[in-house]
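1. how would this look folded up:
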Amino acid sequence: MSKPPLWLDEPDAPRTRPALTRERVVEAAIALADEEADGQITMRTLAERLGVRSPMALYRYVGSKDGLADLMADHVYGRFTVATGQGWRPALRELGDSGWQSVQRHPWFARLAFARPPLGPNALALYEAALAELDPLDLPASTRMGFVNTVLGHVLGSGLALLEEQSMRRRTGVESESELSDAATPYLARIAADGKHPHFSRWAADPRRHDAAPQDFETILEWLLDGLDTLAHPTPRA
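-> Next comes the predicted model:
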C-alpha cells in the first residue's frame, strides 16, 4: 500500500523542555537533596534530573558547586519569618519556629548553613528583620547578634541532629525506636553486668525511659528566650 501524500501527514510536535534557569536548577537541587538521607547530591545527578547532557552546563547558572550550595541555603532562609511590631521575644520565637519547620522539611540545610556564610539576599533580610526588633533594647552590637544566633543555633543544631539520625537509620536499616532498642539490648546487658556504670544501667533498665522527654524544640526555645530575657532586662545587683 502506497504512503499518503506527504502534505497529508502532519509531523509530530517537537519535544521541548522548560528553559534552564537558575531558579529551575536550584529547585531541582533542593528536590534531589530532600530525597537523600544525608542530603548529599552531585552535579552529575543534578544534570541527569534536569535532562542536561553535561554537568558543566550547570555552572553557567550557579557558578560552582559552592555557588549552588549558597543558592540552596539562601532559598531555605527565605522560608524563615520574623514577627514584627510585637517586641523582640515574639520576633525571635517566630524565627525559631519557622526555622525549625523549614529544617524539618530540608534537614540538609543545617549542614549548609554551618558551612556557607549567610550573605544571600534572603539571609540578610532575615537578619535585618530580627535585628530591627532588637533595636529598642539598646544592647551592644555583639549582644544583639548573639540573641539572633542563639535562636538560629538551636534551629541548626536540632537540624543537624535530625540529619544525622535520618542518615543513621537509612544506613543501618533501623527504622523504629523499638528496632533501635532491640539492637542495643545485648550491649546494655554487658554494661549492666560490668557494674561500672550503675546510674546509667538503672536508667537503661527503667521501662519508662522511652516516655516523652520533658522538653521538645519549642520548650527549649522558650528556655533560651527566658535566658536572653535576663540580658534584655538585667536585674540590678543589690
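2. Just the buried residues of stretch 172-192, please?
-> Of the residues in stretch 172-192, 174, 192 count as buried by neighbour count, 16 or more other CB atoms under 10 Å. In this view, the C-beta of every residue, glycine as well, is placed from N, C-alpha and C.
3. now it: mean pLDDT?
-> Stretch 172-192 shows a mean pLDDT of 78.
4. As CSV, could you dump the C-alpha coordinates of it?
-> Only the C-alpha atoms of stretch 172-192 are listed here, as CSV (Å, rounded to 0.1, in the frame of the first residue of the first chain):
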residue,chain,number,x,y,z
THR,A,172,21.6,0.7,59.3
GLY,A,173,18.1,-0.1,58.2
VAL,A,174,16.8,0.6,61.7
GLU,A,175,13.5,2.5,61.2
SER,A,176,11.7,2.4,64.5
GLU,A,177,12.6,3.1,68.2
SER,A,178,11.8,-0.5,69.1
GLU,A,179,14.2,-1.8,66.5
LEU,A,180,16.9,0.5,67.8
SER,A,181,16.2,-0.6,71.4
ASP,A,182,16.3,-4.3,70.4
ALA,A,183,19.7,-3.8,68.6
ALA,A,184,21.2,-2.2,71.7
THR,A,185,19.8,-4.7,74.3
PRO,A,186,22.8,-7.1,74.3
TYR,A,187,25.3,-4.3,74.7
LEU,A,188,23.3,-2.7,77.5
ALA,A,189,23.2,-6.1,79.3
ARG,A,190,27.0,-6.2,79.1
ILE,A,191,27.3,-2.7,80.6
ALA,A,192,25.0,-3.7,83.4
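5. Need the residues that contact that stretch.
-> 168-169, 197, 200-201, 204-205, 210 (CB atoms under 8 Å, 6 or more residues apart in numbering).
6. Can you flag the buried ones in these?
-> Among the contacts of stretch 172-192, the ones that count as buried by 16+ other CB under 10 Å are 201, 204.
7. Now, the contacts of stretch 172-192 that are in helices?
-> Among the contacts of stretch 172-192, DSSP state H puts 168-169, 200-201, 204-205 in helices.
8. Go ahead and confirm Ala29 touches Ile41.
-> Yes: between Ala29 and Ile41 there is a contact under CB atoms under 8 Å: 6.2 Å.
9. Pick out the residue nearest the middle of this structure.
-> Val103 (3.0 Å; CA atoms, centre = their mean).
10. what's near enough to touch that residue?
-> By CB under 8 Å, 6+ apart, the contact set of Val103 is 76, 109-110, 155-156, 158-159, 162.
11. cutoff 6 Å now
-> 109-110, 155, 159 (CB atoms under 6 Å, 6 or more residues apart in numbering).
12. now Met43
-> Going by CB under 6 Å, 6+ apart, the list of residues near Met43 reads 55, 58.
13. Quick check, pLDDT for it.
-> pLDDT, Met43: 96.
14. Can you pull the phi/psi pair for it?
-> phi -60, psi -30 (degrees, to the nearest 10).
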